[in-house]
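Enquirer: The following block contains a protein sequence and its predicted model.
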There are 2 protein chains.
Amino acid sequence: MNQNFTNDIIDALSIDCLIFGFQDSKLEILLVKHAEGIIKGSWALPGGWVMYNENIDDAAYRILNELTGVHHLYLEQLHAFGDVERYPGKRVITIAYIALTKPENYQLIPGFTASDAKWVDVKKIRELPYDHKLILNAGLENLKRKVRYEPIGFNLLPEKFTLLQLQELYEAILDIKLDKPNFRRKIMNMNLLISCNEKQKGVSHRAAKLYRFDKEVYDNLTKKGFNFEL
Amino acid sequence: MNQNFTNDIIDALSIDCLIFGFQDSKLEILLVKHAEGIIKGSWALPGGWVMYNENIDDAAYRILNELTGVHHLYLEQLHAFGDVERYPGKRVITIAYIALTKPENYQLIPGFTASDAKWVDVKKIRELPYDHKLILNAGLENLKRKVRYEPIGFNLLPEKFTLLQLQELYEAILDIKLDKPNFRRKIMNMNLLISCNEKQKGVSHRAAKLYRFDKEVYDNLTKKGFNFEL
DNA sequence: GATCTTGTTGTCAAATTGACTATAAGGTAG
DNA sequence: CTACCTTATAGTCAATTTGACAACAAGATC
């Protein structure tokens, strides 16, 4: 009883993963190169079939890991996409999952139906197969909304980071410029950051203080929500 | 080619609808009594199978209408529920949809697999079959989050309403008490309401002014979002 | 006409915001 | 070694928004 939805009962349910990373002040997503199937050779979101005896959340973790080697991150369901003609020839409904993570934490290991995997700057993506561009846009919208009422950054930034890095993360997601002193004031008033009493190294200008998130405050704000008008 | 996902290829994809209404200052949802199947006689969310050649969004409208007679409302996808054991005996994934509407606009007409339909006070619901209680809770959380960054009320309140009615709607959804003068000030500053230059009738106290939503401002705020800390 | 209920307006101190200015702390180029 | 980059960080200030109320208004009912 480990049949795939592909084979026996269903050919209709898949998962696609939208994994966001933040590198060099840019927002990126993880793509894989398909090693087989109707879009062999194309770069697309990591995705695959849900198995018959597998919770969909579990399927998302398994699929992502099989295709890219990425593991241990917090995947959240984004949306189900189920238009009749979204997949050529068959009726396939897909459930998209979204996660935020640190690219530098992983060595990408393509596997299963993926011959390669890489991080791509979100702004440079023009098209994607199937309705994956639609899924990406939905994910970006979701992120933009989320940053306004939940803290983010914990999964995207290194353990120790500067205020400017955090600001640039917000700027990349919201696609706007922010005022530095005001951003600093607002974020500091939330009591979310703890100073590491350390400074940045290897920069050719005044080094900034390093901060880390206060896990307790962070989780609390994630649950209760807050407001971050910018 | 009008096969059901139930019969031929899939027995796995269903839709469940969470329809919220607001009546007598109370938040309610629409339930149907199952006329057949394994939970015959029980009250549950209106739901059914997605057909092979049908977009999932379309399926949601069709199913809701077939079961309850309710039509012409704005259904939005909430979440897909796909735990292996959520449905007895079979592997069924369901996609939940959510909508806000005015109960008094409809005469409920149970049909298809529903022998009856009614509105039920959300606070009085103790249990529901399958994982429908889980779905209801997810919907309530979604609503609580939504009212903080989007205007609501347009679909839930009568065309003309008093400020107190609007406030009670927020109170019902958020399950908190609000300060009347401050609520009034905050909502009025949004330029969202237009005075009807009319007064409430048939109340045994001072009659309140009636307002209606400014559709243009409303739609604009829905798109751009705003902040309503309360 | 007193009183009850809800509507509506107003007050005020405290907190927050947005738009800045000013100063500090490095590194680097001449 | 000094002038001058660049970025960090602190602070100012008027305008706006908030939260917590008080006060008054308008009917209906006792």
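Expert: Okay, I see it.
Enquirer: So which residues of chain A form strands?
Expert: Using DSSP state E, the strands of chain A run over A:13-23, A:26-34, A:43-44, A:47-49, A:76-81, A:93-101, A:114-121, A:193-199, A:209-213.
Enquirer: Output the below-cut-off pLDDT ranges for chain A.
Expert: The model of chain A has pLDDT under 70 over residues A:1-11, A:230.
Enquirer: what does chain A have sitting close to DNA strand D?
Expert: Applying CB under 7 Å from any atom of the strand, we find that chain A lies next to DNA strand D at A:162-164, A:180-182, A:184-185, A:205-209. The way it works is simple: take the backbone N, C-alpha and C, and place the C-beta from them, glycine included.
Enquirer: and chain A, which of its residues are near DNA strand C?
Expert: The interface of chain A toward DNA strand C, taken as CB under 7 Å from any atom of the strand, is made up of A:179, A:181-182, A:185-186, A:189, A:199, A:203-207, A:227, A:229-230.
Enquirer: at 10 Å instead, please
Expert: For chain A, the residues in contact with DNA strand C (CB under 10 Å from any atom of the strand) are A:178-187, A:189-190, A:199-208, A:226-230.
Enquirer: any idea how chain A splits into domains?
Expert: Residue ranges for the domains of chain A, per automatic domain parsing: A:13-146, A:163-224.
Enquirer: How far off centre is the longest one?
Expert: Think domain A:13-146. 9 Å (CA atoms, centre = their mean, to the nearest Å).
Enquirer: Please apply the same query to stretch A:155-166.
Expert: With CA atoms, centre = their mean, you get 16 Å for stretch A:155-166.
Enquirer: Give the buried residues for the helix ranked longest in chain A.
Expert: Across chain A, the helix with the greatest residue count (assigned by DSSP state H) is helix A:132-146. Burial within helix A:132-146, assessed by neighbour count using 16 or more other CB atoms under 10 Å in any protein chain shown, is assigned to A:H132, A:I135, A:L136, A:A138, A:G139, A:L140, A:N142, A:L143, A:K146.
Enquirer: before we move on, the earlier item: now render the domains of chain A as a markdown table, adding distance to chain B.
Expert: Rendered in a markdown table, the data for the domains of chain A read as follows (distance: least, CB to the nearest CB, whole Å):
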| stretch | distance to chain B |
| --- | --- |
| domain A:13-146 | 3 |
| domain A:163-224 | 11 |
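Enquirer: Pick the most buried one from those.
Expert: Counting by mean count of other CB atoms under 10 Å in any protein chain shown, domain A:13-146 has the highest mean neighbour count of the domains of chain A, with a mean of 19.
Enquirer: first vs last residue of that one, how far apart are they?
Expert: The first residue of domain A:13-146 is 27 Å away from its last residue (CA to CA, to the nearest Å).
Enquirer: Then stretch A:125-139?
Expert: Looking at stretch A:125-139, the gap from its leading to its trailing residue is 14 Å under the measure CA to CA.
Enquirer: Stretch A:186-196 too?
Expert: From the first residue to the last, stretch A:186-196 extends over 19 Å; the measure is CA to CA.
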